[in-house]
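I need the structure of the sequence given here:
(one chain, ligands or ions: 1)
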Amino acid sequence: AAAHPAEHPPGVGLTALVGLSAERILLADKVAAAKFGTTTPIVDPVREQQVLDQAAALAVQAGLDTTDTVTFFRAQIEMSKVVQQGLFDRWTAHPEQAPTERPDLATEVRPELDRITSAFIAQLAATAKLRATERRCHLERAVAVRIAARLYDLDQLHGQALRGAAEPVCPRHL
Ligand SMILES: C=C(O[C@@H]1C=C(C(=O)O)C=C[C@H]1O)C(=O)O
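Purely as a prediction, here's the structure:
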């Protein structure tokens, strides 16, 4: 029993953290919908730096390693861009699948991403001890990715992105 304290029962320890990655990956659909058919490019280095600076500041407050936290957020950003490009390709090849609504990036979508940033920091802090044990972390991550892929009904594109986003959760990375 001592090996698995009640607050982290085996098999669910990383589901909240990985679930946030899935939510962020699904938000890439809204980001892509905001940009598709406009002159706004997928890649926005200024915004990326703002996301990373915000994450680093929150990491310091939470007592997390700044470098590791920034590495984690870089992966979230990379996977968002993979999904956005995949959707652009899909919508270009199949215009009938393109979104009919265009959400506003600054007022609708980015505030949601910012809320996920804060939630990520809380989950990274809550799981720091669990993630430090390499074998346990890899097992919990695999379980969490399967649960999230099913819970959020992820297709191939989003499932691949989730695996990439979950990669830096465990040691050697974090
Ligand atoms: C999500 C966006 O697209 C890209 C990905 C980002 C991210 O994942 O935070 C930030 C800027 C862009 O390079 C965005 O423009 O907000």
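
quick one: which helix or strand includes the most centrally placed residue in the chain?
Central residue of the chain (C-alpha atoms, centre = their mean): residue 21, 2.8 Å from the mean position. Residue 21 is part of helix 15-35, with elements assigned from DSSP states H and E.

helix or strand right after that helix?
Counting by DSSP H and E, the next helix or strand C-terminal to helix 15-35 is helix 45-62.

mind listing what's buried in that following helix?
48, 51-52, 54-55, 58-59 (16 or more other C-beta atoms under 10 Å). To be clear about C-beta, it is placed using only N, CA and C from the backbone, and glycine gets the same treatment.

which parts of the protein sit against the ligand?
Within the chain, the positions near the ligand by C-beta under 6 Å from any ligand atom are 31, 43-44, 47-48, 51, 77, 80-81, 110, 113.

any chance of the residues you listed in TSV, with distance to residue 68 and pLDDT too?
As requested, the residues of the chain next to the ligand are exported to TSV (distance: C-beta to C-beta, whole Å; pLDDT from 0 to 100):
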residue	distance to residue 68	pLDDT
31	25	98
43	24	98
44	24	98
47	22	98
48	18	98
51	16	98
77	15	99
80	19	99
81	21	99
110	24	98
113	20	98
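
between those residues, which is closest to residue 171?
Nearest to residue 171 among these is residue 77, at 21.5 Å by C-beta to C-beta.
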